[in-house]
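[1] Here's a sequence, model it:
(one chain, ligands or ions: 2)
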Amino acid sequence: MIPQPVPDASTPNDNPYMPIRDIGASQFMAANPTWDGRGVTIGIVDTGISLDHPSLLTTSTGERKIIDWVTGTDPFTENDPTWLNMQALVTASGGTFVWDGVTYTAPADKEYRIALFVEGDPRLGGEVGSNVNRDGDTTDIFAVAVGYGQQRRVR
Ligand SMILES: [Ca+2]
Ligand SMILES: [Ca+2]
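    Ligands and ions are numbered 1, 2, ... in the order given. Sure, this is the predicted structure:
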């Protein structure tokens, strides 16, 4: 067996790993280098898209690749425990706030919406299962806080 280099960003389109040469796609792309979808907006129906995946960040012309998304589930009728009721409002002062008897550290002194996410909720399943932090148990409860200001952040 002859060791082969692992494909990476520098791997040419015409390569032994993908059959695009065999179907003429590699030659077509070489003949039409700007026909890569630039200027075209596409709607995709998907679930669980990884918004921070490197291949989904930037187009070939340096623009933001994902420009919008819509969640198709209804938090009131879908019985989905990943939807949290964020009505509770707390205000951090001195870098902390207290909510439901627990003291939390906040990144900034401002208002936060907060709720608890319970990984052991029996309605969870799929790839998440009921061990969200993959520490071997299903007993963890996570405080989810969203602060409003110049940027939104979930901690
Ligand atoms: Ca766990
Ligand atoms: Ca745990």
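
[2] Let me know whether the strand or helix carrying residue 145 sits next to ligand 1.
    Per DSSP states H and E, residue 145 falls inside strand 141-147. No: in terms of Cβ under 5 Å from the ion, no part of strand 141-147 sits within range of ligand 1; the closest distance is 9.5 Å. Just so you know, the C-beta spots here come from the backbone N, C-alpha and C atoms, and that holds for glycine as well.

[3] buried ones in that strand?
    145, 147 (16 or more other Cβ atoms under 10 Å).

[4] in its sheet, what does that strand sit against?
    strand 111-118 (antiparallel), strand 153-154 (antiparallel) (DSSP bridges).

[5] Out of these, flag the one nearest residue 58.
    strand 153-154 (22.2 Å; Cβ to Cβ).

[6] taking the mean pLDDT, what do you get for that closest one?
    The pLDDT scores in strand 153-154 average 46.

[7] For the closest residue to residue 81 other than its chain neighbours, what are phi and psi?
    Distances taken as Cβ to Cβ, 6 or more residues apart in numbering place residue 121 nearest to residue 81, at 4.1 Å, with adjacent residues excluded. When read as degrees, to the nearest 10, the backbone of residue 121 gives phi -60, psi 120.

[8] Residue 121 against residue 83, yeah?
    No: between residue 121 and residue 83 there is no contact under Cβ atoms under 8 Å: 11.1 Å.

[9] okay, and for this protein, where does confidence drop off?
    48, 126-128, 149-155 (pLDDT under 70).

[10] now the strands for it?
    Taking DSSP state E to define them, one finds strands in the chain at 88-91, 96-99, 102-105, 111-118, 141-147, 153-154.

[11] Let me see the contact set for residue 114.
    Residues near residue 114 by Cβ atoms under 8 Å, 6 or more residues apart in numbering: 86, 88-90, 99, 104, 143-146.

[12] What count of nearby residues applies to residue 60?
    By the measure other Cβ atoms under 10 Å, the count of residues near residue 60 is 11.
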